[in-house]
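Participant: Provided below are the primary sequence and the corresponding predicted coordinates.
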Amino acid sequence: MSGAIHQWTARETRQAIRNKQTSATEVVQALLARIAQLDVRDDGRAAAGPALGAFLHVDRDRVLARAAALDADHATADQRPLFGVPVAVKDNLCTRDVPTTAASRILERFVPPYTATAVERLEAAGAIVLGKTNCDEFAMGSSTENSALGVTRNPWALDRIPGGSSGGSAVAVAAGLAPVALGSDTGGSIRQPGSLCGVVGFKPTYGRVSRYGLLAFGSSLDQIGPFARTVQDAADVFAAMAGHDAADATTAHAAVPDLSALGGAASSTPLAGRRIGVPRALLASGVDPVVQTAIDAALAVLERLGATLVDVALPHASAAIPVYYLVATAEASSNLARYDGVRYTARARLAPGDDLAALYDRTRGEHFGAEVKRRIMLGTYVLSAGYYEAYYLKAQRVRTLIRRDYDTAFAADVDAIAMPTCPTPAFRLGERADDPLQMYLADVFTVSANLTGLPAISVPCGFSPDRLPIGLQLTGRPFDEAGLLAVAHAYEQATPWHREHPALA
Amino acid sequence: MSALSDRDVLRIAELSRLALSADEQARLGRELAAILTYVEQIGAIDTSGIEPTSHVQLDQPTLRSDEPRPSLSREAALRNAPDAARGSGLFRVPKVIG
């Protein structure tokens, strides 16, 4: 164990509490103090420090009460893999009696009557929900700038975006406000902010983690996953929440692998016998040279660790963004129909004689932000009579071709496919805010894992010359999280990047 | 596609149940046209004989048995309603039938 409490990994935190070297109460006190200093104060005024804006709600009393209850129940620490581990939770995951807004005005006062399965399972494993984190409204965005409730800053460069949509969760982990966090990933919303903030971001296989209690965006794409400062911590959080859930019929019955010791036996070539696919043609254009340099170095490390690099084709990769934005917006337009001014807190002020249609139209028109309206409109259009076949059905057919590309690569005995998570490091706040299409194009490397359902992880793989983090993305076989995480862990352990922290006051 | 007509935008807004300002209508018309022009590139991909993928369920879904079981209470379900007749357990909306 090294350094201050806020630098501890989840494993180190649990171990220290288990050994009675510290208590859950001391751990959360240290993190609450750090949040007050660096993030946002309880009274809503700006923090003394950089005002990172990772959290939307932190209920100190609730957190302290939970920690005290765990300390009083110390005998269960051995059986609970996340005993005393604080976790930051994206604000599109329901938490009973704690506000859950999806960073939208339409849910600004929503307090769920139940807790998401993923969160409930982490709590059963001994985790402490530290607070709810900022995100793009309804997880629609790549910079967290679409939040209706506040700005989130990249801890490595405060004038830059943290990525999105799960930007607050990525910042919480990167800045040492929480050792681990939960996000949701519909088109890269865990991996992309993980990459831009220099932490691990992991999207499991579609169906691995129950979405019960996740505010739905794109139901054929959404998956919940962890942020962490180490691959092992991400694996521990994943293992604690994965597995079939009767409350979500899309969850898989496949057994969750034992991920408690990713390292295995010590070896200088832990990846001997593994084949890593590299889509050279896809990487030939549109990748910032500083990212390309870091990825080339990362591929050399994988080779040095014993892996064999092989070219993979992925011929339909360039269609992934158009297919994604057709499928995701179509599903979103349907999922967001439930926010109707009847059930979920917000309702427009009505004049005498206004009918139900006016209630719907004005509540939604007044409370949804610009990006959410844009996506609902686009999705409604591509599903409407006369356009359905040319847009939505066509996109679903090309989605099949994209899946086949990956099937072909994995059928050729490739264990994982490597590429950058993002084509550039973090851009400046406001830089792309007026150009939605430009913002969409930044998702070029991440959306395919959602279209195919495959597990994918972003691990830190270096820095730009001005010290902005860069991420390596690895995509694995369906339900082979164990194989994927083993490769990511071996890479991480052979490189220094996960030990770097942003300089904060 | 160069632009969406005002009529197109109004029709989509109505289907989407979104009240838009005049400014929003004009902006969305331009933005949606730009996005549609971009996504239309997939029209050039040959998909003859290719089945559509509507989901990527990688495991057999299971159906639960159709039996009564505990669920949210009416009180809990109404707790977030902007307007409700809580005593009788109902959401309240403007008159629908004249």
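Facilitator: Received, thanks.
Participant: got phi/psi on the residue most central in space within chain B?
Facilitator: Per C-alpha atoms, centre = their mean, the C-alpha nearest to the average position across chain B is that of residue B:16, at 6.7 Å. Per-residue torsions, residue B:16: phi -80, psi -10 (degrees, to the nearest 10).
Participant: then residue A:81?
Facilitator: Backbone torsions of residue A:81, given as degrees, to the nearest 10, read phi -70, psi -20.
Participant: assess the claim that it and residue A:236 are in contact.
Facilitator: Yes - between residue A:81 and residue A:236 there is a contact under C-beta atoms under 8 Å: 5.9 Å. Glycine gets a C-beta too; all of them are placed from N, C-alpha and C.
Participant: between those two, which contacts overlap?
Facilitator: Residues touching both residue A:81 and residue A:236 by C-beta atoms under 8 Å, 6 or more residues apart in numbering or on different chains: residue A:260.
Participant: neighbour count: the two, which is higher?
Facilitator: The neighbour count for residue A:81 versus residue A:236, taken as other C-beta atoms under 10 Å in any protein chain shown, is higher for residue A:236 (24 against 19).
Participant: do you know how far the more buried one is from chain B?
Facilitator: Residue A:236 sits 23 Å away from chain B, going by C-beta to the nearest C-beta, to the nearest Å.
Participant: measure how far the helix or strand hosting that residue is from the centre of its chain, please.
Facilitator: Following DSSP states H and E, one finds residue A:236 within helix A:231-241. Here helix A:231-241 is found 13 Å from its chain centre; the criterion is C-alpha atoms, centre = their mean, to the nearest Å.
Participant: could you point out the helix or strand that follows it?
Facilitator: Moving toward the C-terminus from helix A:231-241, the next helix or strand (DSSP H and E) is strand A:275-278.
Participant: what does the residue of chain B most remote from its centre show for phi and psi?
Facilitator: For chain B, the largest distance from the centre (C-alpha atoms, centre = their mean) belongs to residue B:87, which lies 31.3 Å off. Dihedral pair for residue B:87: phi -60, psi -40, per degrees, to the nearest 10.
Participant: could you do the one 4 residues further on as well?
Facilitator: Taking degrees, to the nearest 10, you get phi -70, psi 140 for the backbone angles of residue B:91.
Participant: how about the contacts made by it?
Facilitator: Residue B:91 makes contact with A:342-343, B:78, B:81, B:83-84, according to C-beta under 8 Å, 6+ apart.
Participant: where exactly do the helices run in chain B?
Facilitator: Taking DSSP state H, the helices of chain B run over residues B:6-16, B:22-39, B:74-78.
Participant: and the contacts of the last one?
Facilitator: Translated: helix B:74-78. Outside helix B:74-78, the residues that reach it (C-beta under 8 Å, 6+ apart) are A:113-114, A:343, B:84, B:86, B:89-91.
Participant: strands - which of those land there?
Facilitator: B:84, B:90-91 (DSSP state E).
Participant: tell me which stretches of the stretch 1-150 of chain A form helices.
Facilitator: Applying DSSP state H, counting those that start in this stretch to the stretch 1-150 of chain A gives helices spanning A:10-18, A:24-38, A:60-72, A:117-124.
Participant: among those helices, which comes closest to chain B?
Facilitator: Closest to chain B of those, according to C-beta to the nearest C-beta: helix A:117-124, at 14.6 Å.
Participant: for the closest one, packing partners?
Facilitator: Judged by 3 or more C-beta pairs under 8 Å, 6 or more residues apart in numbering or on different chains; DSSP states H and E, the packing partners of helix A:117-124 are strand A:128-133, strand A:180-185, helix A:231-241.
Participant: could you dump the helices of chain B into CSV with mean pLDDT and distance to residue A:482 added?
Facilitator: Output for the helices of chain B, formatted as CSV (pLDDT from 0 to 100; distance: least, C-beta to C-beta, whole Å):
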stretch, mean pLDDT, distance to residue A:482
helix B:6-16, 96, 43
helix B:22-39, 95, 36
helix B:74-78, 93, 39
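Participant: adding mean pLDDT and mean neighbour count, write the helices of the stretch 1-150 of chain A out as TSV.
Facilitator: As requested, the helices of the stretch 1-150 of chain A are exported to TSV (pLDDT from 0 to 100; neighbours: other C-beta atoms under 10 Å in any protein chain shown):
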stretch	mean pLDDT	mean neighbour count
helix A:10-18	98	22
helix A:24-38	97	21
helix A:60-72	98	16
helix A:117-124	98	22
